[in-house]
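Q: Based on what follows, work out the 3D shape:
(one chain, ligands or ions: 2)
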Amino acid sequence: MTVSKSSIYEPLTENTAVALTVRLQLFEDSSVLTCKEIGDGNLNLVFHIKDQLTNNGIIIKQALPYAKVIGESWPLTLDRARIESSALLKQAEVVPTLVPKIFYTDESLAITVMEDLSHLQISRAALLDGKDLPLLSEHIGEFLAKTLFYTSDYALDPRKKKQLVKQFSNPDLCKITEDFVFTDPFFDVESNNFEEELRTDVERIWNDTHLKLEVAKLKQKFLTSAEALVHGDLHTGSIFASESKTKVIDPEFAYYGPLGFDIGHFFANLLLNSLSRAEENREVLFKHIETTWAVFTREFTKAWENDSLEVFTKVEGYLEDVLSQVFEDAIGYAGVEMIRRTIGLAHVADLDTIEPLERRIEAKQTALAIGSELVKKKKEITDPNQLRSYAAAFAHQ
Ligand SMILES: Nc1ncnc2c1ncn2[C@@H]1O[C@H](COP(=O)(O)OP(=O)(O)O)[C@@H](O)[C@H]1O
Ligand SMILES: CSC[C@H]1O[C@H](OP(=O)(O)O)[C@H](O)[C@@H]1O
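A: Ligands and ions are numbered 1, 2, ... in the order given. Have a look, this model is predicted:
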């Protein structure tokens, strides 16, 4: 992997992306390269370069100095490209098969050149196509356990861990989460985005003091609890998958945060997908949630028993206590994610593509009801099994 620091930033075009690829000698001299910008996320450019002779490809991801979805009126730090490539490299130390390979980075150009994963499918799209992705939760459970445990104080010398906290200080991207995930959806502000038919449900949320108190505590934990290097935006659009492979991409929101944060986001996005399906097709999503938690606890426990540096990890009851707090936090964060994806700035296709409107509104009302319940009842929900009955109860209201 080459790391470079050239001097001047400029956004790539399809032509200059090819020129850069040639300069980096990532293909044979005989190759016939084509390039297409394929970015469909909210923030960055993504170029797919392909050799027409061999069909081999690479991806060049470049941060723009603003949020792509809004435009130049919303400046955004280029440092997110450094965070993303450093997080991918850190994750590769413990789960090399679950993240794309990095070939080259250039901090000044805000560029990461990585493995082309287009033989896989973004898991949100695959789940929307009705695919089961049988290994998704096994792989994500392992990803979560290993990336979280091995970047935490349980596994690291506290001085090394504090260096990492500094390296992954990501204030501008965290501010996006603080605003658009934790704050705006719970107040009557302009950035929110919901159908008028949802107004009564949304006003119920804005007026629910119990809910807002619990969201305030979850936000405070997000702001202050530097437990482990979290991905920071682990939704199903950040995971490529097939029947046999899983790769987690896009950790530009990575920072030191609460252990339950990524787990909650993944649970929420599975629950949101379940609402896009007929009831008889939802079981696979609940199974994915159960497997994720089972594999997470299995792998986290193994790592705790074999690789802990912290002397207190030998104390009876400590691991169980940590795991139950992680689960409670995950349930709370899942609830917040479900609410913000329904009425906040950034939506999910799982809900937005439901037709006709009447069914879409019903699914969104259910998402808001389940989300609120998860936040408020996070202490009472102690097993992923219970999510099935919560979801069923609200679907029938
Ligand atoms: N390594 C990759 N291989 C193939 N396609 C990719 C890769 N990384 C990103 N993409 C494509 O680009 C899209 C946007 O990438 P993403 O990292 O999510 O960008 P953003 O940060 O803007 O959300 C993905 O949905 C996927 O279609
Ligand atoms: C305008 S940022 C909103 C939203 O976008 C990010 O998602 P992604 O870049 O993966 O599409 C993240 O979830 C932010 O909260």
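Q: Contact partners for the residue of the stretch 1-150 of the chain at minimum distance from ligand 1?
A: Going by CB to the nearest ligand atom, ligand 1 is nearest to residue 41 of the stretch 1-150 of the chain, at 1.9 Å. For glycine as for every other residue, the C-beta is placed from the backbone atoms N, C-alpha and C. Contacts for residue 41 were tallied using CB atoms under 8 Å, 6 or more residues apart in numbering; they are 68, 237, 250.
Q: quick one: contacts for the last one?
A: Okay, so that is residue 250. Per CB under 8 Å, 6+ apart, neighbours of residue 250: 41, 84, 233, 237, 238.
Q: One more: residue 138?
A: 291, 295.
Q: name the element it belongs to?
A: helix 136-149 (DSSP states H and E).
Q: what secondary structure does the residue nearest in space to the middle of the chain sit in?
A: Geometric centre of the chain, nearest residue: residue 234, 1.3 Å, by CA atoms, centre = their mean. Following DSSP: H, G, I helix; E, B strand; the rest coil, residue 234 is assigned to coil.
Q: Could you count how many residues lie near the residue lying closest to it once chain neighbours are set aside?
A: Leaving aside its chain neighbours, residue 234 sits nearest to residue 262 (4.2 Å; criterion: CB to CB, 6 or more residues apart in numbering). For residue 262, the neighbour count with other CB atoms under 10 Å is 31.
Q: do the same with the one 4 residues further on
A: Number of residues near residue 266 (other CB under 10 Å) recorded here: 32.
Q: Can you name the residues of the protein that neighbour ligand 2?
A: By CB under 6 Å from any ligand atom, the part of the chain that sits against ligand 2 consists of 41-43, 67, 69, 176-177, 180-181, 233, 237-238, 250, 345-346.
Q: Need the buried ones from those residues selected in PyMOL.
A: To isolate the buried members of those in PyMOL, using 16 or more other CB atoms under 10 Å:
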select buried, resi 41+43+67+176+177+180+181+233+237+238+250+345+346
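Q: And residue 235, how far from ligand 1?
A: Distance of residue 235 to ligand 1, computed by CB to the nearest ligand atom, to the nearest Å: 9 Å.
Q: picking that back up, please flag which of the residues of the chain next to ligand 2 sit within strands.
A: Judged by DSSP state E, those include residue 67 as members of strands.
Q: mind listing which of the residues of the chain next to ligand 2 are in helices?
A: Counting by DSSP state H, the residues of the chain next to ligand 2 place 176, 177 in helices.
Q: For this structure, just list every one of the strands.
A: Using DSSP E, strands in the chain cover 2-4, 33-37, 44-51, 57-63, 66-67, 71-75, 102-106, 111-115, 121-122, 228-230, 239-241, 246-248, 255-257.
Q: Show me the one of these that comes nearest residue 282.
A: strand 239-241 (18.5 Å; CB to CB).
Q: Show residues contacting stretch 170-181.
A: Taking CB under 8 Å, 6+ apart as the rule, stretch 170-181 contacts 76-77, 79-80, 83, 191, 219, 222-223, 232-233, 252-255, 336-337, 340, 344-346.
Q: Just the buried subset of those, please.
A: 76-77, 79-80, 83, 219, 222, 232-233, 252-255, 336-337, 340, 344-346.
Q: From the residues you listed, list the ones also adjacent to ligand 1.
A: residue 252.
Q: on that earlier part again, confidence score at the residue nearest to residue 234?
A: On pLDDT, residue 262 comes in at 99.
Q: pretty sure it is in contact with residue 232, am I right?
A: Yes. The criterion here is CB atoms under 8 Å, and residue 262 meets it with residue 232 at 7.5 Å.
Q: Looking at the nearest residue to residue 168 once chain neighbours are set aside now. What's its pLDDT?
A: Excluding its sequence neighbours, the residue lying closest to residue 168 (CB to CB, 6+ apart) is residue 255, at 5.2 Å. The model reports residue 255 with a pLDDT of 99.
Q: Residue 255: what's it in contact with?
A: Here residue 255 is in contact with 83, 168, 169, 170, 173, 174, 229, 230, 232 (CB under 8 Å, 6+ apart).
Q: Now for residue 51, how many residues are close by?
A: Neighbours of residue 51 (other CB under 10 Å): 18.
Q: and it, what does it touch?
A: 27, 28, 31, 32, 33, 57.
Q: Is the residue nearest to the centre of the chain in contact with residue 266, as I believe?
A: Yes. Look at residue 234 against residue 266 with CB under 8 Å: they come within range, at 5.2 Å.
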